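here is the input, now give the coordinates:
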Amino acid sequence: MFEKCISCLCGKSYPVNKIIFKCVCGKNLEIIFDYEKLKKSIDKETIKSRPFKQLRYKEFYPVQSPVFLQEGGTPLLRSKNIERELGLKFELYFKNETINPTGSFKDRGSSVEVAKAKEFGFEKALCATTGNMGASVSAYSAIANLQCNIFMPKDAKKAKIEQILSYGAKVYHFKKEYTEVAEAAEYVAKNFGVFLLGDYLYRREGTKSIGFELAEQIQADYVFVPIGNGVLLSGTWKGLKEFRHLGFAKSLPKMAGVQAHGSSTITYDIFKRKPIKNSIKGIKHPHTLADAIEVGFPLDGERALEALIESKGFEEIVSDREILHAKELLAKREGLYAEPAGAAALAGLLKSKHRIEKGSKVVCLVTGHGLKAPLIGNKRKPIEAKLGEKLLNKIFGK
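Okay, the predicted model is just below:
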């Protein structure tokens with residue numbers, strides 16, 4: 001097993017025991033396994049005999065013992081109403097990542113990342129985050145006795161800050177955009193001996209368990225994934241590919257990446273099946289209500305773009321209004337309370353449903369719980385009332 005630069009123009013590789021997060025060329029790294037050796041040491045039936053949780057796939061992670069909080073094993077739910085009411089000509093499913101310990105898919109990556117920090121002997125860790133990742137790494141750092149420091153951008157949500165603080169992490173709130181805060185975190189990690197947590201190679205290794213689970217749950221034709229830094233898309237695709245490579249899955253789906261209009265950093269031409277010139281771009285002042293995917297420059301954009309190309313998939317850009325509409329549909333028609341970013345995949349599907357082949361099986365990832373960003377876009381207000389027999393008779397009487 002070794003790390004390899006993902007840049008096709010570089011090709012540089014590093015030993016697996018080297019503490020490094022980016023290649024000298026500036027690109028993210030990827031863990032490459034000895035798949036032939038792995039194929040001999042594990043089989044599909046052994047995996048199936050284990051509980052349906054993240055540790056089910058322990059041989060696939062680059063750590064001896066992941067920090068475990070019962071993450072993973074999230075359900076795949078068939079649409080109860082949206083598919084029928086909108087007359088969709090395909091099967092619609094939701095993978096509900098909101099039931100992970102801290103309320104988002106981030107726990108999968110934190111399980112591996114925090115364990116790696118301890119394995120390398122670090123006592124302090126640092127993470128730049130808009131919120132969900134910070135909550136996740138703080139929780140996992142707490143049970144691993146790792147001192148956790150969190151850098152947050154100027155538009156971080158209060159509810160997410162409070163969740164992070166509750167786990168005992170130190171939070172530093174800057175009047176800067178997320179990209180600037182992430183660059184500062186990388187500088188600190190490089191110069192002050194602090195382990196860098198975030199959308200880098202070890203987080204992708206935990207996140208890929210979504211791909212493993214999907215391969216076991218359904219033979220999907222399309223998987224819709226929201227894009228912020230891109231690790232969710234690249235990780236899910238890597239997991240699906242690894243299971244296919246080992247013969248544990250029959251086929252691979254098309255990946256569909258969904259970005260918010262104010263944070264659309266990756267461009268991919270579905271018709272020409274190739275990236276448009278300058279496919280990965282930076283946005284100086286990104287803005288979207290879906291703060292969990294509000295990113296000025298995607299740290300794992302190259303890998304996410306590669307996943308779209310390899311899978312013959314596509315990307316879709318949606319407005320905040322379309323995201324909030326999808327959020328409301330999930331809650332009112334499917335009973336799933338998602339934060340805006342958690343509903344972005346469905347928003348992308350609804351906008352691109354004409355591209356989906358009839359009879360296909362389509363999965364949307366619901367990535368974060370609605371309580372992380374309460375009442376955003378909710379115009380409904382509770383009815384102010386005083387308890388009393390007169391009111392009760394008015395409401396419930398004949």
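
flag the shaky bits of the stretch 51-200 of the chain, pLDDT-wise.
Applying pLDDT under 70 to the stretch 51-200 of the chain flags no residue at all.

the stretch 251-398 of the chain too?
269-278, 375-388, 391-392, 395-396, 398.

strands along that one, start to end?
Remark: strands assigned in the stretch 251-398 of the chain by DSSP state E, counting those that start in this stretch are 254-260, 266-269, 274-280, 314-318, 361-366.

want to throw these into TSV with distance to Ala290 and mean neighbour count?
For the C-beta atoms, the positions are set from N, CA and C on the backbone; glycine is no exception. Listed next are the strands of the stretch 251-398 of the chain as TSV, based on distance: least, CB to CB, whole Å; neighbours: other CB atoms under 10 Å:
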stretch	distance to Ala290	mean neighbour count
strand 254-260	5	27
strand 266-269	15	18
strand 274-280	20	12
strand 314-318	9	23
strand 361-366	13	26
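
got the ones you listed as a markdown table, with distance to Lys48 columns?
Shown next, in a markdown table, are those (distance: least, CB to CB, whole Å):
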| stretch | distance to Lys48 |
| --- | --- |
| strand 254-260 | 25 |
| strand 266-269 | 35 |
| strand 274-280 | 38 |
| strand 314-318 | 33 |
| strand 361-366 | 20 |
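
what's the first-to-last distance across stretch 356-366?
Using CA to CA, to the nearest Å, one end of stretch 356-366 lies 19 Å from the other.

ok, stretch 165-181 next?
Using CA to CA, the two ends of stretch 165-181 sit 18 Å apart.

tell me the gap between that stretch and the middle of its chain.
From the chain centre to the centre of stretch 165-181 is a distance of 19 Å (CA atoms, centre = their mean, to the nearest Å).

do stretch 30-48 as well
Once both centres are worked out by CA atoms, centre = their mean, stretch 30-48 turns out to sit 24 Å from its chain's centre.

hang on, the earlier thing: to Ser110, which of the strands of the stretch 251-398 of the chain lies closest?
Of all the strands of the stretch 251-398 of the chain, strand 361-366 sits nearest to Ser110, with 17.0 Å by CB to CB.

relative to that closest one, what are the paired strands and their orientations?
If you go by DSSP bridges, strand 361-366 pairs up with strand 91-96 (parallel), strand 222-226 (parallel).

may I see the ones you listed organised as a markdown table, with distance to His287 and mean neighbour count added?
As requested, the strands paired with strand 361-366 are exported to a markdown table (distance: least, CB to CB, whole Å; neighbours: other CB under 10 Å):
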| stretch | distance to His287 | mean neighbour count |
| --- | --- | --- |
| strand 91-96 | 27 | 22 |
| strand 222-226 | 16 | 29 |
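
quick one: these as JSON lines, columns for distance to Lys332 too.
Below are the strands paired with strand 361-366 laid out as JSON lines (distance: least, CB to CB, whole Å):
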{"stretch": "strand 91-96", "distance to Lys332": "14"}
{"stretch": "strand 222-226", "distance to Lys332": "20"}
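
nearest to Cys148, out of these?
Of all the strands paired with strand 361-366, strand 222-226 comes closest under CB to CB, at 24.9 Å.

any idea of the mean pLDDT in the helix or strand that comes right after that closest one?
Using DSSP states H and E, the helix or strand that follows strand 222-226 in sequence is helix 231-245. For helix 231-245, mean pLDDT is 97.

could I get helix 231-245 in CSV with only the CA atoms?
The C-alpha coordinates for helix 231-245 follow below in CSV (Å, rounded to 0.1, in the frame of the first residue of the first chain):
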residue,chain,number,x,y,z
VAL,A,231,-14.2,14.2,-1.2
LEU,A,232,-17.7,12.8,-0.9
LEU,A,233,-18.0,12.3,-4.6
SER,A,234,-14.4,11.0,-5.0
GLY,A,235,-14.7,8.8,-1.9
THR,A,236,-18.0,7.2,-2.9
TRP,A,237,-16.7,6.5,-6.4
LYS,A,238,-13.5,5.0,-5.0
GLY,A,239,-15.5,2.6,-2.7
LEU,A,240,-17.7,1.5,-5.6
LYS,A,241,-14.6,0.9,-7.8
GLU,A,242,-12.8,-1.1,-5.2
PHE,A,243,-15.7,-3.4,-4.7
ARG,A,244,-16.1,-3.8,-8.5
HIS,A,245,-12.3,-4.5,-8.8
